[in-house]
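Q: Could you look at this predicted model? Sequence included:
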Amino acid sequence: MKMGVETPAQIIDINRLPLAAVEELPKGRGVRIGGLARNSDVAEHALIKSKYPVLSEALLAGASPQLRNRATTGGNLLQRTRCSYFYDPDFPACNKRKSGSGCGALHGFNRMHAILGQSEQCIATHPSDMCVALAALEAVVIVSGPKGERRIAFQDFHRLPGDTPEHETNLAHEELITAVDLPAHPFAARSHYLKVRDRESYAFALVSVAAALELGADGKIKSARIALGGVAHKPWRALEAEQSLAGKTPDITQFRRAADSALANARGYQYNHFKIELARRSIVCALTTVMAKV
Ligand code: SF4
């Protein structure tokens, strides 16, 4: 709205809805975060810090303290890309802003843009840190609308651009995000968020990694979760990398193999080829840090 990209006739203040709680789900099924819970409150909540450290770390890596005090869970999920062509209504070519107008970034300045899951219609990235952690944690988005309530698996909430980059999520018209559930997965507590950016504060990710590992009694990896930020139109689950780690000894050789499989289909553009190697090294670094956690 500030840049004139959106000009709604009406806006509705939902701040007084009772959706700001962070609470344990019954029978140890996990934690529910209200859609209006503030990023600062979630990041510092004892349940989140102890059971889902990757989420606390991701939130604290985002924006500034002042913004985190205002930003909400629902708002975080609905962040729009920071592609500069999208944010300039005077620039003619942006399929996301005006369907069928072209993509200025495809042959323009695309340093911050996608290397995975992109299309010829749009190579924008999703800017959220929180969502990368939620992807790795296999969160569930709870939405409410005229047809009642429904639960959406996190990996199905955001969309890849395809031929319709103007549609960024699968939220239907008149639906509201009321909460996000974090299941009680055994890998969640041993997790870490790594954010690589141009400066250490108040900058979007060039590449980020949310990583989690569950180890068996034999010291081998029972299950792994890896999600990438700054590389795709949505938080990117590296499923092949996760599968490649199952049953393996958690060492640098396996981490490098997993990183290679995560980037096997990556494609860079004129100014962002560096992201492929950066993402590869970031995955190895994040997994190594997870292993150093007790
Ligand atoms: Fe628009 Fe997407 Fe192209 Fe950016 S990358 S100019 S948002 S279509």
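A: That came in fine, so what should we check first? Residues are numbered from 1 along each chain as shown.

Q: Now do the residue sitting furthest away from the middle of the chain, the pLDDT please.
A: Note on the chain: the largest C-alpha distance from the chain mean falls to Asp218, namely 31.7 Å (C-alpha atoms, centre = their mean). The model reports Asp218 with a pLDDT of 97.

Q: What of Lys293?
A: pLDDT for Lys293: 87.

Q: In contact with it, which residues?
A: Pro53, Arg190, His192 (C-beta atoms under 8 Å, 6 or more residues apart in numbering). Every residue, glycine included, has its C-beta placed from N, CA and C.

Q: swap in Leu60?
A: Here Leu60 is in contact with Ala43, Arg68 (C-beta under 8 Å, 6+ apart).

Q: Just the pLDDT at it, thanks.
A: Looking at Leu60, its pLDDT stands at 98.

Q: same question, the one 3 residues further on
A: According to the model's per-residue confidence, Ala63 sits at a pLDDT of 94.

Q: go on, the one 3 residues further on?
A: Model confidence at Gln66, expressed as pLDDT, equals 97.

Q: Please identify which helix or strand holds it.
A: Under the criterion of DSSP states H and E, Gln66 resides in helix 65-70.

Q: Quick one: name whatever helix or strand follows that helix.
A: helix 73-77.

Q: Tell me which other helices or strands that next one touches.
A: helix 39-44, helix 130-136, strand 176-183 (3 or more C-beta pairs under 8 Å, 6 or more residues apart in numbering; DSSP states H and E).

Q: what sits against Asp181?
A: So Asp181 contacts Leu25, Gly30, Val31, Arg32, Ile33, Ala139, Val140, Ile142, Arg151 (C-beta under 8 Å, 6+ apart).

Q: one step back: so which of the contacts of Lys293 sit within strands?
A: The strands, defined by DSSP state E, take in His192 from the contacts of Lys293.

Q: Just among the contacts of Lys293, which is most surrounded?
A: In terms of neighbours by other C-beta atoms under 10 Å, the contacts of Lys293 top out with His192 at 24 neighbours.

Q: Return the set of buried residues in the longest helix along the chain.
A: Taking DSSP state H as the criterion, the chain has its longest helix at helix 274-292. Within helix 274-292, the residues scored as buried using 16 or more other C-beta atoms under 10 Å are 275-276, 278-280, 282-288, 290-291.

Q: and which of those is nearest the ligand?
A: Lys275 (14.4 Å; C-beta to the nearest ligand atom).

Q: so what's the closest one up against?
A: Shown in contact with Lys275 (C-beta under 8 Å, 6+ apart): Ile115, Leu206, Val207, Gly230, Val231, Ala266, Gly268.

Q: cutoff 7 Å now
A: Taking C-beta atoms under 7 Å, 6 or more residues apart in numbering, we find Lys275 in contact with Ile115, Leu206, Val207, Val231, Gly268.

Q: still on that earlier bit, so which of the helices and strands packed on helix 73-77 comes closest to Gln10?
A: strand 176-183 (15.0 Å; C-beta to C-beta).

Q: Is stretch 189-204 positioned near the ligand?
A: No: Stretch 189-204 lies apart from the ligand when judged by C-beta under 6 Å from any ligand atom; the minimum separation is 13.8 Å.

Q: So for that stretch, mean pLDDT?
A: 96.

Q: what do you get for stretch 168-179?
A: Stretch 168-179 shows a mean pLDDT of 97.

Q: Need phi/psi at Ala211.
A: With angles defined as degrees, to the nearest 10, Ala211 sits at phi -130, psi 140.

Q: Find the nearest non-adjacent residue to Leu287, please.
A: Using C-beta to C-beta, 6 or more residues apart in numbering and skipping the chain neighbours, the partner closest in space to Leu287 is Phe255 (4.5 Å).

Q: Wasn't that neighbour part of a strand?
A: No: under DSSP: H, G, I helix; E, B strand; the rest coil, Phe255 sits outside any strand and is assigned helix.

Q: now it: how far from Asn69?
A: If you measure Phe255 against Asn69 using C-beta to C-beta, to the nearest Å, the figure is 36 Å.

Q: Likewise for Asn15?
A: Taking C-beta to C-beta, one finds Asn15 at 13 Å from Asn69.

Q: More neighbours: which of these two?
A: When Asn15 and Asn69 are compared for neighbours, Asn69 comes out ahead with 12 against 9, by other C-beta under 10 Å.

Q: how many neighbours does Val231 have?
A: Counted with other C-beta under 10 Å, Val231 comes out at 32.

Q: just checking, it touches Ala205?
A: No: between Val231 and Ala205 there is no contact under C-beta atoms under 7 Å: 8.7 Å.
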